[in-house]
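A.B. asks: Sequence first, predicted coordinates after that:
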Amino acid sequence: MSVSAEFLRSQIDYTAWASALLLNAATALTNEDLARDFQTADRSVVGTLAHIFAADRIWLARLSGVPAPDFTNGADGSLAALQSSWPIVLEGWKCWAATLTDDEAAAQFAYVDTKGRPWEQPLWQIVQHVINHGTHHRGQVSGFLRSMGHTPPVTDLHHYYRQRASSARLTS
């Protein structure tokens, strides 16, 4: 099985859209709410957003053939840092995918994980992992927002498709 480069581009666009919505929603929170400990692996809204960002950044570096940064660092732990850095990474994903071909998407990709272990798998599987990873953790943040009495943005994939179709009709 394989998926097309165009499908991967649409999924990368979706994850950028959904992450931006959630990052924007976080701006309505107080510093206390951003740091509230939900007893999850990444603890808080800002911690979970930083985790998604770090994964997006490290996978983009791997796929782009540049040295991967540390997974996270102290600077990633603030909303201001995420607002500044994450859009650049998300745009980097779109640029990386812009010239991706179906053959490249299906090809094996070799990389070394953060523990120094070598791996190889089809590139499309890696991209799908990044998308799925972000969706999972955005769902956690949405739950955190609800538990604090906030309405999270709608980030469902079908809502993204509907919004894109509506925008396309308006511009044609």
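C.D. replies: Perfect, I can see it now. Fair warning: this is a prediction, and the values are worked out from it, not measured in the lab.

A.B. asks: From here on, just use CA atoms for contacts and neighbour counts.
C.D. replies: OK.

A.B. asks: Can you tell me which residue sits nearest the middle of this protein?
C.D. replies: Taking CA atoms, centre = their mean, the centroid of the chain lies closest to residue 134, which sits 4.4 Å from it.

A.B. asks: For the closest residue to that residue other than its chain neighbours, pull up the helix or strand it's in.
C.D. replies: Closest residue to residue 134 in three dimensions, ignoring its sequence neighbours and counting by CA to CA, 6 or more residues apart in numbering: residue 52, at 5.7 Å. Assigned by DSSP states H and E, residue 52 belongs to helix 45-64.

A.B. asks: Hey, what's the angle from the helix or strand following that helix to helix 45-64? Just curious.
C.D. replies: Downstream of helix 45-64, the first helix or strand assigned by DSSP H and E is helix 79-98. Relative orientation of helix 79-98 versus helix 45-64 (axes from the mean of the first three to the mean of the last three CA atoms, to 10 degrees): 30 degrees.

A.B. asks: Quick one: mean pLDDT over helix 79-98.
C.D. replies: Helix 79-98 shows a mean pLDDT of 96.

A.B. asks: Contacts for stretch 93-113 next, please.
C.D. replies: 2-6, 8-9, 12-13, 60, 62, 64, 118-124 (CA atoms under 8 Å, 6 or more residues apart in numbering).

A.B. asks: Check the offset of the longest helix anywhere in the chain from the chain's centre.
C.D. replies: The residue-count maximum for a helix in the chain (DSSP state H) belongs to helix 123-147. Centroid separation between helix 123-147 and its chain, computed with CA atoms, centre = their mean, to the nearest Å, is 7 Å.

A.B. asks: Where does pLDDT dip in this structure?
C.D. replies: Applying pLDDT under 70 to the chain flags the ranges 70-75, 172.
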